[in-house]
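Participant: pasting the sequence and the predicted coordinates here, then a few questions.
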Amino acid sequence: MIEHAFVQANGLRFHVAQCGEGDRLALLLHGFPERWISWRYQMPLLARLGYRVWAPDLRGYGETERPLGVESYAVEHLMNDVAGLIDASGARQVLLMAHDWGAIIAWYFAMRRLRPLERLVILNVPHPGASAKVFRTWKQLRRSWYALFFQIPRLPEFLLTRGGARPLADIFRTRTLRPENFPDEVIETYRQAWLAPGAATAMIDYYRALVRGGGAGRQRKLGFPVIETPTLMLWGEQDLALTKETSFGTERWVKDLTLRYLPGASHFVQQDAYAEVNAMLEAWLTGRTVPGSPS
């Protein structure tokens, strides 16, 4: 049973969906434009496997506090949010699982070793070192246009929330392979969150802080040390925002990597193909051979 609580971490009040118990924490970080409910299919599985599961709304999202200003969404603050949540949990071991923007945070968090991690799971966001050259290709730039568009003040918020946030809702209705896995009540939960005062700006400020605010450049200057944490990377091949090529070469940056591609899944892989994702996740966590092809 999923319960809800508020947790104080890194100076902010986080809304956290919870299930399971024990001192092994599974901390789940959602992406844009989602919130905790994007993990609805994985939370019961992880609880059954013995984890206390926390799925927070990230800063600025859902019922978590929304600090003002682009600088408030710098990646360093986002990493410290994760550290604060881990500290607040009092957990002995931590599995960090993350998708999209949550995965950007998780990659850097694991590299910088802000807190010890037992395991790392990444969904449909490439390692920043592995993908650096690919992001300069025309094929990927055409898919990443929105990140540049988001640098414009105010206009992106207006366009995305018009018509009751219909453009954002259409992402799940038209850009996924299994829209039946995104029922109306889930989309309504998202829609209400997007339309809350200041929410759209907060979500887009993640991109502004990374690009215009220099977060990506600061992290690049620090370098990309090899991640020692055992890592599972799952990739929906029908991703309209990121090419499959951005995931190539990840093994150079991650010492213990298990990579699986899901040809019948979109960018929102843990919802679009939740049965396949859960089977792979359970196999990996229980020491069995992970199904699927790494090629």
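Facilitator: Structure received. As the structure is a computational prediction, the values presented were derived from the model and not from experiment. Residues are numbered from 1 along each chain as shown.

Participant: stretch 113-125: which residues count as buried?
Facilitator: By neighbour count on 16 or more other CB atoms under 10 Å, the buried set for stretch 113-125 is 114-115, 117, 119-125. C-beta: built from backbone N, CA, C; applies to glycine.

Participant: of those, just say which sits nearest to residue 172.
Facilitator: Nearest to residue 172, judged by CB to CB, of those is residue 124 at 14.5 Å.

Participant: where's the closest one relative to residue 284, distance?
Facilitator: 16 Å (CB to CB, to the nearest Å).

Participant: just residue 112 next, same as before
Facilitator: 24 Å.

Participant: which parts of the chain are strands?
Facilitator: 3-9, 12-19, 24-29, 52-56, 93-99, 119-123, 231-238, 257-266 (DSSP state E).

Participant: let's have the ones you listed in TSV, adding distance to residue 42 and mean pLDDT.
Facilitator: Shown next, in TSV, are these (distance: least, CB to CB, whole Å; pLDDT from 0 to 100):
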stretch	distance to residue 42	mean pLDDT
strand 3-9	16	98
strand 12-19	10	98
strand 24-29	7	98
strand 52-56	8	98
strand 93-99	7	98
strand 119-123	9	98
strand 231-238	11	97
strand 257-266	14	96
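
Participant: put together a markdown table for those, with distance to residue 105 on each row.
Facilitator: Listed next are the strands of the chain as a markdown table, based on distance: least, CB to CB, whole Å:
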| stretch | distance to residue 105 |
| --- | --- |
| strand 3-9 | 14 |
| strand 12-19 | 14 |
| strand 24-29 | 6 |
| strand 52-56 | 11 |
| strand 93-99 | 7 |
| strand 119-123 | 11 |
| strand 231-238 | 15 |
| strand 257-266 | 19 |
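
Participant: which stretch among those comes nearest residue 159?
Facilitator: strand 257-266 (21.9 Å).

Participant: so which residue of the chain lies furthest out from the middle?
Facilitator: The outermost residue of the chain relative to its centre, with distances by CA atoms, centre = their mean, is residue 163 at 26.3 Å.

Participant: residue 44: what's its closest spatial neighbour, skipping adjacent residues?
Facilitator: residue 19 (6.7 Å; CB to CB, 6 or more residues apart in numbering).

Participant: check contacts around that neighbour.
Facilitator: Counting by CB atoms under 8 Å, 6 or more residues apart in numbering, residue 19 makes contact with 1-3, 43-44, 47, 53.

Participant: name the helix or strand of the chain that has the lowest mean pLDDT.
Facilitator: helix 138-143 (a mean of 82; mean pLDDT, DSSP states H and E).

Participant: give me the distance between that one and the centre of its chain.
Facilitator: In terms of CA atoms, centre = their mean, to the nearest Å, the centre of helix 138-143 is set 21 Å apart from its chain centre.

Participant: any low-confidence regions in the chain?
Facilitator: For the chain, the stretches flagged by pLDDT under 70 are 295.

Participant: ok, the residue farthest from the centre of the chain to residue 232 distance?
Facilitator: 38 Å.

Participant: all helices of the chain, in order?
Facilitator: Using DSSP state H, the helices found in the chain span residues 43-48, 75-89, 101-112, 138-143, 145-149, 155-174, 184-194, 199-211, 215-222, 269-272, 274-285.

Participant: may I see those helices organised as JSON lines, with distance to residue 244 added?
Facilitator: Below are the helices of the chain laid out as JSON lines (distance: least, CB to CB, whole Å):
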{"stretch": "helix 43-48", "distance to residue 244": "26"}
{"stretch": "helix 75-89", "distance to residue 244": "24"}
{"stretch": "helix 101-112", "distance to residue 244": "15"}
{"stretch": "helix 138-143", "distance to residue 244": "10"}
{"stretch": "helix 145-149", "distance to residue 244": "18"}
{"stretch": "helix 155-174", "distance to residue 244": "20"}
{"stretch": "helix 184-194", "distance to residue 244": "26"}
{"stretch": "helix 199-211", "distance to residue 244": "22"}
{"stretch": "helix 215-222", "distance to residue 244": "21"}
{"stretch": "helix 269-272", "distance to residue 244": "12"}
{"stretch": "helix 274-285", "distance to residue 244": "16"}
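
Participant: quick one, which of those is nearest to residue 25?
Facilitator: Of all the helices of the chain, helix 75-89 comes closest under CB to CB, at 4.9 Å.

Participant: what helices or strands is that closest one leaning on?
Facilitator: strand 3-9, strand 12-19, strand 24-29, strand 52-56, helix 101-112, helix 199-211, helix 215-222 (3 or more CB pairs under 8 Å, 6 or more residues apart in numbering; DSSP states H and E).
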